[in-house]
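Visitor: everything below, folded, please.
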Amino acid sequence: MTARVAWILAAAATAALAAPARAETADERRALDHLDRGVAAYRAGDYARARSELAAASALAPDRANPYRWLALTEVELGDCREALIHIESFLSRAPAGDPRVGEMVAVRTRCVAPPPSVVATAPPPAPAPAPPQAEPSIVHRWWFWTAIGAAVITAAGVTTYALTRDGDARLPPVTCGATGCRP
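Guide: Modelled structure (predicted):
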């Protein structure tokens, strides 16, 4: 038997094995298309569209576990734990033993079954009373006022000292004013 004949026999055997599967997978192929679109919508945050696509996938391939898993995750995102629990149980009944996704679904089921945190009905605390308006501090209580006073005192002392020590004469020269202006 030549390599060509062996190749033809292998191709024929593969086609013979695949032919019955193709007759069964027309709905499964459409289910996979719905599943892909549903997962993409879920990941995009469009949970309503994801629910629609995933419901179509589970209707076309009711014996497959994965559409139920994604439906459960979508229902949890939509806040509908009752429906999520139904889909979780559907997934768990169809998933093979040892499937790593089983742990994920058990954790989601636990979150959905857990009681909501208790809320104690109490009256809201009274709103705090508005603070009384603060009076503007007077000018003598502002930090810059005394700084300015100190600077003025130091300047006045300096001018006075200069005037008194200039040539030993504490008097200012006389000023005479005439038609042409004023002169010392």
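
Visitor: Asp27 falls within a helix, correct?
Guide: Yes - applying DSSP: H, G, I helix; E, B strand; the rest coil, one finds Asp27 inside a helix.

Visitor: what about it, how many residues nearby?
Guide: 12 (other CB atoms under 10 Å). C-betas here are computed from N, CA, C, even on glycine.

Visitor: pretty sure it is in contact with Pro62, am I right?
Guide: No - in this structure, Asp27 is not within contact of Pro62 by CB atoms under 8 Å, at 9.8 Å.

Visitor: now the helices for the protein?
Guide: For the chain, the helices defined by DSSP state H occupy 3-44, 47-60, 66-77, 81-94, 101-113, 143-165.

Visitor: with distance to Val175 and mean pLDDT added, can I get the ones you listed in JSON lines?
Guide: Listed next are the helices of the chain as JSON lines, based on distance: least, CB to CB, whole Å; pLDDT from 0 to 100:
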{"stretch": "helix 3-44", "distance to Val175": "91", "mean pLDDT": "67"}
{"stretch": "helix 47-60", "distance to Val175": "94", "mean pLDDT": "90"}
{"stretch": "helix 66-77", "distance to Val175": "93", "mean pLDDT": "90"}
{"stretch": "helix 81-94", "distance to Val175": "99", "mean pLDDT": "88"}
{"stretch": "helix 101-113", "distance to Val175": "97", "mean pLDDT": "86"}
{"stretch": "helix 143-165", "distance to Val175": "15", "mean pLDDT": "80"}
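
Visitor: pick the most buried one from the ones you listed.
Guide: Among the helices of the chain, helix 66-77 has the highest mean neighbour count (mean count of other CB atoms under 10 Å), at a mean of 23.

Visitor: which strands and helices sit next to that helix?
Guide: Packed against helix 66-77, as judged by 3 or more CB pairs under 8 Å, 6 or more residues apart in numbering; DSSP states H and E, are the following elements: helix 3-44, helix 47-60, helix 81-94, helix 101-113.

Visitor: out of those helices, which comes closest to Val153?
Guide: For those, the distance to Val153 is smallest for helix 3-44, at 74.5 Å, taking CB to CB.

Visitor: pipe the helices of the chain into TSV and attach distance to Ala179 per row.
Guide: Converted to TSV, the helices of the chain look like this (distance: least, CB to CB, whole Å):
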stretch	distance to Ala179
helix 3-44	95
helix 47-60	99
helix 66-77	99
helix 81-94	106
helix 101-113	104
helix 143-165	30
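
Visitor: what are the phi and psi angles of the residue nearest the centre of the chain?
Guide: Taking CA atoms, centre = their mean, the centroid of the chain lies closest to Gly45, which sits 13.5 Å from it. Torsion angles at Gly45 (phi, psi; degrees, to the nearest 10) stand at phi 90, psi 10.
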